[in-house]
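Enquirer: sequence and predicted model, in that order:
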Amino acid sequence: MTPICIKPPFLKPVFIAIVTLSMLCIGSAAMAQYIWLDEKGIKQYSDMPPPLSVPVKRILKMPGNFSVPATAANGDPKDDKDAQNVAKAPPTLIEQNAAFNKRKNEQAEKDKKATDAAKSATNKTKACDSARAYQRTLNSGQRIAQIDKNGQRAFFDDNQRQQASRENQQVLDECK
C-alpha cells in the first residue's frame, strides 16, 4: 500500500502568490539602478541617486523612463569641458612610462644646469682671485716684465702699469 499525502488545496495559490511577490520585489530592486561617472571618470553603480555635485550629463542610467535631457547633452561650452574630462580615461602604462621618462629628463636637465652654474661660479671665483693677485702686484711697485712679439722680455713703464691697473680694476669691479 502506498502512503497517501493530503495537501491542503489553499496552499498552492498562496505559494504561487509568495513566489510572484518576491520575484516582483527582486525585479524592481534590479531596475532601480543608477550609473554615473565620478570626477575621475570611473563608473559608479548604486541603487541610490548620485550626489548633487554630479552633473546630469555624467549620469548614464537612471531608473524608470528617465533619460539625460537634451539641453544638458548639447548645452553650454563649459559642459563640453566637463565632458572632455569624463571622456579622458586613466593613463595607460605606456603613457605613465612616457610621463616618467619626461620627468626624468627634466630632472637631468635641471641637474646639468646646476652643475654648469656651479662650475661657472668656481671659474669666476678663480679668475677674480687671479685678478686680485695681479692687482696687488701692479700696486706693489715691483718690476713687471712681459714677453714681446720677438720673444724678448720687456719691462712695464709707469704708463703701461697704470693702463694695466685700470683694465684689471674693471675686471675686479665685475667680481663684486
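Expert: Noted; the coordinates are in hand.

Enquirer: next one: the spatially most central residue of the chain relative to Leu93, how far apart?
Expert: Centroid check for the chain by C-alpha atoms, centre = their mean gives Ala99 as the closest residue, at 8.6 Å. As defined by C-beta to C-beta, to the nearest Å, Ala99 lies at a distance of 11 Å from Leu93. Heads up, the C-betas are built off the backbone N, CA and C, glycines and all.

Enquirer: so what's Glu106 up against?
Expert: Contact analysis of Glu106 by C-beta atoms under 8 Å, 6 or more residues apart in numbering lists nothing.

Enquirer: how far out from the middle of the chain is the helix or strand Lys104 falls within?
Expert: Taking DSSP states H and E as the criterion, the element that holds Lys104 is helix 93-140. Remark: helix 93-140 is offset 27 Å from the chain centroid, using C-alpha atoms, centre = their mean, to the nearest Å.

Enquirer: give the next helix or strand downstream of it.
Expert: Using DSSP H and E, the helix or strand that follows helix 93-140 in sequence is strand 145-147.

Enquirer: in the protein, which helix or strand is least confident?
Expert: Counting by mean pLDDT, DSSP states H and E, the chain has its least confident helix or strand at helix 70-74, which shows a mean of 44.

Enquirer: now what about stretch 119-136, what contacts it?
Expert: If you take C-beta under 8 Å, 6+ apart as the criterion, stretch 119-136 is touched by Ser165, Asn168, Gln169, Val171, Leu172, Cys175.

Enquirer: from those, which is closest to Lys43?
Expert: Minimum separation from Lys43 among those (C-beta to C-beta) is found for Cys175, which lies at 65.6 Å.

Enquirer: from Asn123, how far out is that closest one?
Expert: In this structure, Cys175 and Asn123 are 12 Å apart, going by C-beta to C-beta.

Enquirer: any chance of the backbone angles for Gly41?
Expert: Backbone dihedrals for Gly41, given as degrees, to the nearest 10, come out at phi 90, psi 10.

Enquirer: is it true that it touches Ala89?
Expert: Yes: counting by C-beta atoms under 8 Å, Gly41 touches Ala89, with 6.4 Å between them.

Enquirer: what about the closest residue to Tyr45 other than its chain neighbours, neighbour count?
Expert: In space, and not counting its chain neighbours, Tyr45 is closest to Ile35: 5.5 Å by C-beta to C-beta, 6 or more residues apart in numbering. Around Ile35 there are 14 other residues, counting by other C-beta atoms under 10 Å.
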